[in-house]
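Peer 1: Structure, please.
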Amino acid sequence: MPRFEITPIGTVRNNRTDVQHTDNWGAVHSTITVDERFGDACLQGLEGFSHVEVLFVFDQFPEPEHDDYREPRPYRGR
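Peer 2: All right, here's what the predicted structure looks like:
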């Protein structure tokens, strides 16, 4: 599989500390901060849109003991 490199343009922060607990994110309030190098006008007009797509990297989630992702996680009642 080809590899690709991405360069972050900002950060997403919130108060959540339990990075391995993947449920109940609906009430979590996060703040997205765009790097200063893009200037104040980079978000101009954004308020006119109903949605924003944010791509992110799970950089704080530890790698599993094995790399076999074929087995689904158990059903959690959602």
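Peer 1: Can you show me the strands along the protein?
Peer 2: With DSSP state E, the ranges of strands along the chain come out as 10-13, 31-34.
Peer 1: Dump the C-alpha coordinates for the first one into CSV.
Peer 2: Right, the one you point to is strand 10-13. Coordinates of each C-alpha in strand 10-13 appear next as CSV, following Å, rounded to 0.1, in the frame of the first residue of the first chain:
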residue,chain,number,x,y,z
GLY,A,10,-4.1,23.0,13.5
THR,A,11,-5.2,21.1,16.7
VAL,A,12,-8.3,19.8,18.3
ARG,A,13,-8.6,20.0,22.0
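Peer 1: Which secondary structure elements does it sit against?
Peer 2: Helices and strands touching strand 10-13, as assessed by 3 or more Cβ pairs under 8 Å, 6 or more residues apart in numbering; DSSP states H and E, comprise strand 31-34. Heads up, the C-betas are built off the backbone N, CA and C, glycines and all.
Peer 1: So what touches the strand it packs on?
Peer 2: Strand 31-34 is contacted from outside by 9-14, 42-43, 54, using Cβ atoms under 8 Å, 6 or more residues apart in numbering.
Peer 1: out of the residues you listed, which are buried?
Peer 2: Among these, none is buried by neighbour count (16 or more other Cβ atoms under 10 Å).
Peer 1: Export those to CSV and append columns for pLDDT.
Peer 2: As requested, the contacts of strand 31-34 are exported to CSV (pLDDT from 0 to 100):
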residue, pLDDT
I9, 92
G10, 93
T11, 90
V12, 89
R13, 90
N14, 89
C42, 93
L43, 92
V54, 86
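Peer 1: Could you work out the most separated pair of those?
Peer 2: By the measure Cβ to Cβ, N14 and C42 form the most distant pair in the contacts of strand 31-34, at 21.6 Å.
Peer 1: List the residues that contact V28.
Peer 2: Contact criterion Cβ under 8 Å, 6+ apart gives 14-16 as the residues in contact with V28.
Peer 1: And the pLDDT for H21?
Peer 2: Confidence at H21, expressed as pLDDT, is 68.
Peer 1: and what of R78?
Peer 2: pLDDT for R78: 62.
Peer 1: Could you do M1 as well?
Peer 2: What the model reports for M1 is a pLDDT of 84.
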